[in-house]
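> Quick check, what structure comes out for this input:
(2 chains)
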Amino acid sequence: MASQSPGVFRQYRWKELGLFIIPFLIFLVEMVQLFLATQDTQSSLSVNNLPTIQGLIPVFGLIGVLLAANILFSIFFRKADQVLFPLVGLLSGLGVLMATRLGPDIKIDSLGTQQLVWVMLGIAICCGVMFLMRDTLWLARYKYTWAVVSFLVLLPSVISGLLSIRSGAPTRDILNFGPLHIQPSELLKISIVIFFAGYLNETRDVLTEAHLRIGILKLPPLRQLGPLVLMLTLSLIIFLVVRELGLAMLIYGLFLSMTYLANGKLTYVVASLAVFVLLGFVGYGLFSYVRGRFATVSIDVLHWTQASDELYQNSALQVVQGLIAVASGGILGSGLGLGAPSYVPVVESDMVFTAFCEELGLAGVFAVIGIYLFIIYRGYRIAIEATEPFNQLLAAGLTTIFAIQTLIISAGNLKLMPLTGIPLPFLSYGGSSILANYIIIGVLLRISYNSRVAREGLS
Amino acid sequence: MLPIDAFLLILRLLFLVLLYLFLMQVVIAITRDLRKAASTNEDAGQAAAVLGHLVVVDSGPSNLLPGTRFDLAPLTTIGRGPTNVIRLDDPSISAENTRLSYRNRTWYVQDAGSRNGTFVNNQQAREAIPAKTGDIVRVGYIQFKLTQ
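Numbers count the residues shown, from 1 in each chain, chains lettered A, B, ... in the order given. Next comes the predicted model:
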């Protein structure tokens, strides 16, 4: 084989394959651990106690799909980034293992299998995106279509939000199509980034040369300002009508970072931050649920009083239980399958960070955060290396989604910020989120492939 | 025999060690990438003796002088906007009009979605098409000759 086609041999994505070896070992180790954790831990180890090949089939399935993606990329997209996919693969593998472990505890036995199926579908979609998006620039041509898509996607949530506006309680943006529960916000974040990238790329010159002057603020002409205001309205609608705090923060954060990336003007950032603080006060005054979440942040777990007990009964139960889980993990963690993370409500999706803290410990969670950092670093690197300005903005924006989401939800879990329900990328259980994240990875890989081909040619 | 909980402790530690080994491997891969990128950049810097020129042949409606020479970078954009490598301040030129890229010792000319189009020897360049020395590249209504 090797003598017949040395070119193919040399052109294989060895680096990616090499980076996959340790994640595969980790999957096997953790699956064995998970299996043994359900046994009587006092008995001694014998061959009978070890998981059979059948018990390891899910892990082998995941390994097979990742290897298949590696081979596929080697054949068709040899020049795409080689570090990103192993990082994402390891994270989603950990997510599958955690779902497998949490399933029996929250009385959904098939949780791990479902998550595995979603991850496999996600990888397939990632490959599909890479094949279909030959040129990313057509996305920019239809940018207003994407803006309309964003509004349409949000429409059902707005209607249900309007219907329940008197209650003031937060809604969850879930659409039910028969057995499928779709979270439209996951699609929304992608379409909004495409719109922002296309729009900012076209108007970046205009936005830098300010024309309207309002006091000390210099603003661009109204025609160019329109779409920006529209998007801010969208995030305001999410905040006030849909009452989905996390999503509103995500979109506002995306808007801020992308305008700054596009024109590098601090005035926009400062002005938008001021508006953000103002909106925060408005929300605090209007909605009891926002007040509840801020009160939760102020709860003192160490000096427990009557007041904190009331708070605990009302709204802080989830966060306090999460903190207890995090604390009981210690430095090395209890080990996968040996903790008790299911005391935390919604531990499988929003609060999955606490489950990782408890079972992998501080050391494990630091490593997980390190993996996120590398993913984000790699995404921005792809953005820097992209040849087209639109692709640069698109890659940077899509990477920013991961950054902001991870920040908001892990800070919320650790009581550093009001808790809002958005999934932790790749680790939380949930089909929509896994699929959307893999679409993002597909776009990033395609951009890195396109820019390297544009630089060096195909050979 | 080893009791299971002792074995589980070993697995746990093994897991953490593997996790950090993976992070180390990623760091090594990334630094290697950066070194490679730095060295290729240096090579490119040494070889940056200009790869070619565009010489104005017919200035069309613009106030360019025929014979004006523009240096070409490996990735050259032509347009009216301030971010272009070659900036042509003329109403017939779009903000970003044309893209020239140098790959495998050949120039490729591609239109960047302009209003008045880009042509290589009167052939419209919607997709990247190769151009050799001496070819006429028309950007909007301005004609250039590609030279060494």
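
> who in chain B is up against chain A?
Residues of chain B lying near chain A by CB under 8 Å from any CB of the partner chain: B:1-5, B:7-9, B:11-16, B:18-23, B:25-26, B:29-30, B:33, B:75, B:81-83, B:95, B:101, B:103-104, B:113. Where C-beta positions appear, they are placed from N, C-alpha and C, glycine not excepted.

> redo that, cut-off 6 Å
Counting by CB under 6 Å from any CB of the partner chain, the residues of chain B close to chain A are B:1-5, B:7-8, B:11-12, B:14-16, B:18-23, B:26, B:29, B:81, B:103-104.

> In helices, which of those fall?
B:4-5, B:7-8, B:11-12, B:14-16, B:18-23, B:26, B:29 (DSSP state H).

> of these, buried ones?
In those, burial by neighbour count holds for B:4-5, B:7-8, B:11-12, B:14-16, B:18-20, B:22-23, B:26, B:29, counting by 16 or more other CB atoms under 10 Å in any protein chain shown.

> What is the nearest of the residues you listed to residue A:289?
residue B:19 (37.3 Å; CB to CB).

> Report the contact partners of residue A:202.
By CB atoms under 6 Å, 6 or more residues apart in numbering or on different chains, the contact set of residue A:202 is empty.

> Could you check how far the residue lying closest to residue A:376 once chain neighbours are set aside is from chain B?
Computed as CB to CB, 6 or more residues apart in numbering or on different chains, the closest residue to residue A:376 that is not its neighbour in sequence is residue A:403, at 5.0 Å. Per CB to the nearest CB, to the nearest Å, residue A:403 is found 17 Å from chain B.

> Remind me which helix or strand residue A:403 belongs to.
helix A:389-413 (DSSP states H and E).

> can you list contacts of that helix?
A:136, A:140, A:189, A:193, A:196-197, A:200-201, A:246, A:249-250, A:253-254, A:257-258, A:261, A:322, A:351, A:353-354, A:372, A:376, A:379-380, A:382-383, A:386, A:417, A:419-420, A:422, A:424-425, A:440, A:444, A:447.

> gap between residue A:347 and chain B?
From residue A:347 over to chain B the distance is 20 Å, taken as CB to the nearest CB.

> Please apply the same query to residue A:295.
Going from residue A:295 to chain B by CB to the nearest CB gives 36 Å.

> again with residue A:43
6 Å.

> For burial, what's the neighbour tally of that residue?
Using other CB atoms under 10 Å in any protein chain shown, residue A:43 is surrounded by 13 other residues.

> who's in contact with it?
Neighbours of residue A:43 in contact, by CB under 6 Å, 6+ apart: none.

> Quick check: phi and psi on the residue nearest in space to the middle of chain B?
Centroid-nearest residue in chain B, with CA atoms, centre = their mean: residue B:75, separated by 4.2 Å. As for residue B:75, its main-chain torsions (degrees, to the nearest 10) stand at phi -130, psi 100.

> Please look at it and residue B:100 and confirm they touch.
No: contact criterion CB atoms under 6 Å: residue B:75 and residue B:100 do not qualify, at 7.6 Å.

> got the phi/psi numbers for residue A:247?
phi -70, psi -40.

> Correct me if wrong: it contacts residue A:185.
Yes: with contacts counted by CB under 6 Å, residue A:247 reaches residue A:185, the gap being 4.9 Å.
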